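K.L.:
Structure of the sequence below:
(chains A and B)
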Amino acid sequence: MIGVMRAEALKLRRSLAIIVMGVAPVMTFILTVLIQLSGESPGIWAFQMMSTSAIWAYFLLPMTATGLTALLAQMEHGPGTWSQILATPVAKWQVFTGKVVMALALMAIVTALIYVSIFASGFVAGWINPAEALEGSPPWWDAAKLLGKMYLASFLLIAVQLGVALRFNSFALPVSVGIGGTFVAVAATSSKYGIFFPWLLPVNMLASEPERAEFALMFGGAGGAVLLALIVLYLSRRDWH
Amino acid sequence: MNDWVIETEGVSRRFGSVQAVDSLDLHVPKGAVAGFLGPNGAGKTTTIRMLLGLIRPQGGSIRLGGHDIHRARRRALTGVGSLVETPAHYPHLTGAENLDIACHMAGLPRRERDRVLDLVGLAGAAKRRVKGYSLGMRQRLGLARALLGNPKLLILDEPTNGLDPSGIHEMRTLIREAPERFGATVLVSSHLLGEIEQTANHVALMHRGKLLFQDTIAALMDAHPGGLTIRLDRPAEALARVQATHADAAELEDGIRLPGRFTAAERAAINRDLVEAGFAVSDLTLVKPSLESIFLERTGGTGDLQ
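P.N.:
Model prediction:
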């Protein structure tokens, strides 16, 4: 399995996935710096954390998951390398588990960069204009907990996107699913069934009712883990033409 | 205990209404270079995909090196190098990095990568990105990957596709010498009969999903001995004369054809008989059968090959 992961890591070299990983953190950084400098921000760290996390959970997390999973799958679909990889003595489940681990690892890295972006944007804006510096102490631990929960709750969304991307030899299909899911999520926010919608689960970490957030965390995290296992099982057993 | 490196029993696979492979009993002995021949759509690639465990057969069993491909997939595929259809690589990576990926997955050291790059003549281009490679270079890189780890069985699907004449020559040499140089058995598929004639010592002919013949090329040739073509005047009369001793003789536009094997003495006797009977014999040609003529004969002339 270590060899499979080393191979997966090597495939990322010079790939678009590296650029895609930087898009969301850079966008949130620029956006929050500009908001803070505009003077329209409440000027407190808690707001900085919540607003950046909301943008991340609503739009950028699902879109990043869509882009990264589609790129990971297209790395094999595009040149047609599945036949080469799956004709080796490496167990098929290990090949697909490698993709799952890599997708989760890349999303974890982007989440960590978003964490950095929350604080970097606050400090940079305060350095550019000290009058707009944020008040209070930075919520290091609260931000880590919130983003960590969002990450776990996004497992189901990542599983759906990765499953579609690996199963179908198409870039357009997983991207359409991702865009569709993200926009439907906005409309489904107020629905009582929205709690079951994979693209909304990370957003529910911001819910004021703790039980809603707790359910979304369990459903997204555990549901995602189960679905990822089923995807690995299914892909390992299907024919590869 | 036999010495089959590839052994299939009653393997079948259907796609919708098309029976791609039908009750295939394929046997490739150890140390053979087996040509897997058939026109496009004969079922060669489907068979190869089933041999490599990429597609499950709907019936029958497949054993590689004595191990069932589905019950003991990892053991069956250990020591198998393959090149399936068009060479597939990661275009954003260099040739060396592409092989590094295969080495990581197989747990092979980096020197193995360098060895196979030398073997296929790509050492000089190893640090170039594959997206800048020609089709021939990609094919060589695919072969290099197949050769990683000194495989005991090489399964190559149309390996000369895209190669220039010198590349084709090198590939043929490599395939032909694989048993001696690497101790490998080779199954090489092609729709080019001349290709197989020059590289293989065994042959399996496939047509419309069925195996028509498998054995050594020598055995195939023995079963199709060719014949003697005689150019002369009045072929109809000559035919009537020779049919007394060669009932299966046939008339040609400018002569007659006698199927079978003929020694020099027999050829001389036939010639003398015809000349003494007053025929103007202008030419006697011993016709050796080609794989193509045998294939067309076996498929009833429907196995069009390119």
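
K.L.:
Relative to chain B, how far out is residue A:65?
P.N.:
22 Å (CB to the nearest CB, to the nearest Å). Just so you know, the C-beta spots here come from the backbone N, C-alpha and C atoms, and that holds for glycine as well.

K.L.:
Which residues outside the biggest helix by length in chain B are in contact with it?
P.N.:
In chain B, with assignment by DSSP state H, the single longest helix is helix B:165-182. Outside helix B:165-182, the residues within contact range by CB atoms under 8 Å, 6 or more residues apart in numbering or on different chains are B:31-33, B:119-121, B:136, B:139-140, B:143, B:147, B:150-151, B:154, B:156, B:159-160, B:163, B:184-186, B:188, B:195, B:198-199.

K.L.:
Helices of the chain, residue ranges please.
P.N.:
Chain wasn't specified; assuming chain A. A:2-11, A:16-38, A:45-55, A:61-77, A:82-86, A:92-128, A:140-153, A:155-167, A:172-188, A:210-237.

K.L.:
that's the wrong chain, I meant chain B
P.N.:
So, for chain B - with DSSP H - the helices run B:44-51, B:73-77, B:95-106, B:110-119, B:135-147, B:165-182, B:193-199, B:217-223, B:235-242, B:264-276, B:291-298.

K.L.:
Tell me the buried residues in the fifth one?
P.N.:
For helix B:135-147, a neighbour-count test (16 or more other CB atoms under 10 Å in any protein chain shown) marks B:136-147 as buried.

K.L.:
Same check on stretch B:259-274?
P.N.:
Buried-residue list, stretch B:259-274, by 16+ other CB under 10 Å: B:259, B:262, B:267, B:270-271, B:274.

K.L.:
try stretch B:49-62
P.N.:
B:49-55, B:57, B:60, B:62.

K.L.:
same deal with stretch A:187-197?
P.N.:
A:188, A:194-197.

K.L.:
now do stretch A:47-65
P.N.:
A:47-53, A:55-65.

K.L.:
quick one: which of the buried residues of stretch B:259-274 is nearest to residue B:252?
P.N.:
Closest approach between the buried residues of stretch B:259-274 and residue B:252, by CB to CB: residue B:259, at 12.3 Å.

K.L.:
Determine the number of other residues adjacent to the closest residue to that closest one other than its chain neighbours.
P.N.:
The shortest distance from residue B:259 to any non-neighbouring residue, by CB to CB, 6 or more residues apart in numbering or on different chains, is to residue B:227 (4.1 Å). The local packing of residue B:227 (other CB atoms under 10 Å in any protein chain shown) involves 22 other residues.

K.L.:
can you check residue B:23 too?
P.N.:
Residue neighbour count, defined by other CB under 10 Å, stands at 15 for residue B:23.

K.L.:
Quick check: it touching residue B:210?
P.N.:
Yes. Under the criterion of CB atoms under 8 Å, residue B:23 makes contact with residue B:210 at 7.4 Å.

K.L.:
got the contact list for residue A:10?
P.N.:
Residue A:10 neighbours (CB under 8 Å, 6+ apart): B:93, B:97, B:100-101, B:104.

K.L.:
top of the residues you listed by neighbour count?
P.N.:
residue B:101 (25 neighbours).

K.L.:
quick one: pLDDT of it?
P.N.:
With respect to pLDDT, residue B:101 scores 94.

K.L.:
Show me the residue at the heart of chain B, geometrically.
P.N.:
residue B:35 (2.1 Å; CA atoms, centre = their mean).

K.L.:
I'd assumed residue A:46 was in contact with residue A:134.
P.N.:
No. The criterion here is CB under 8 Å, and residue A:134 misses it with residue A:46 at 9.2 Å.

K.L.:
Get me the contact residues on chain A for chain B.
P.N.:
Selection of chain A residues close to chain B by CB under 8 Å from any CB of the partner chain yields A:3-4, A:6-7, A:10-11, A:13-15, A:75, A:78-81, A:83-91, A:239-241.

K.L.:
of these, buried ones?
P.N.:
Buried among these (16+ other CB under 10 Å): A:3-4, A:6-7, A:10-11, A:15, A:75, A:79, A:81, A:83-90, A:240.

K.L.:
circling back to that earlier point, which one's more surrounded, residue A:134 and residue A:46?
P.N.:
residue A:134 (22 against 15).

K.L.:
Just the pLDDT at the residue lying closest to residue B:211 once chain neighbours are set aside, thanks.
P.N.:
The shortest distance from residue B:211 to any non-neighbouring residue, by CB to CB, 6+ apart, is to residue B:24 (5.6 Å). Looking at residue B:24, its pLDDT is 90.

K.L.:
for residue B:24, what are its contacts?
P.N.:
B:8, B:10-12, B:43, B:47, B:60, B:206, B:209-211.

K.L.:
what's around residue B:124, how many residues?
P.N.:
10.

K.L.:
What of residue B:152?
P.N.:
Count around residue B:152 with other CB under 10 Å applied: 18.

K.L.:
who's in contact with stretch A:74-90?
P.N.:
By CB under 8 Å, 6+ apart, stretch A:74-90 touches A:3-4, A:11, A:15, A:92, A:95, A:165, A:169-171, A:240, B:49, B:52-54, B:73-75, B:77-78, B:80, B:82, B:84-86, B:88-91, B:102, B:105-106, B:142, B:145.

K.L.:
One more: stretch A:16-28?
P.N.:
So stretch A:16-28 is in contact with A:12, A:52, A:55-56, A:60-61, A:63-64, A:67-68, A:71-72, A:106, A:109-110, A:113-114, A:116-118, A:121, going by CB under 8 Å, 6+ apart.

K.L.:
Please apply the same query to stretch B:284-304.
P.N.:
B:37-39, B:42, B:193-194, B:196-197, B:203, B:205, B:207, B:212-213, B:217, B:220-221, B:224-231, B:257, B:262, B:267, B:270-271, B:305.

K.L.:
Just confirm residue B:136 contacts residue B:160, I think it does.
P.N.:
No. Counting by CB under 8 Å, residue B:136 sits too far from residue B:160 to count as a contact (9.3 Å).

K.L.:
Who is residue B:61 paired with across the strands?
P.N.:
Using DSSP bridges, the beta-bridge partners of residue B:61 come out as residue B:9.
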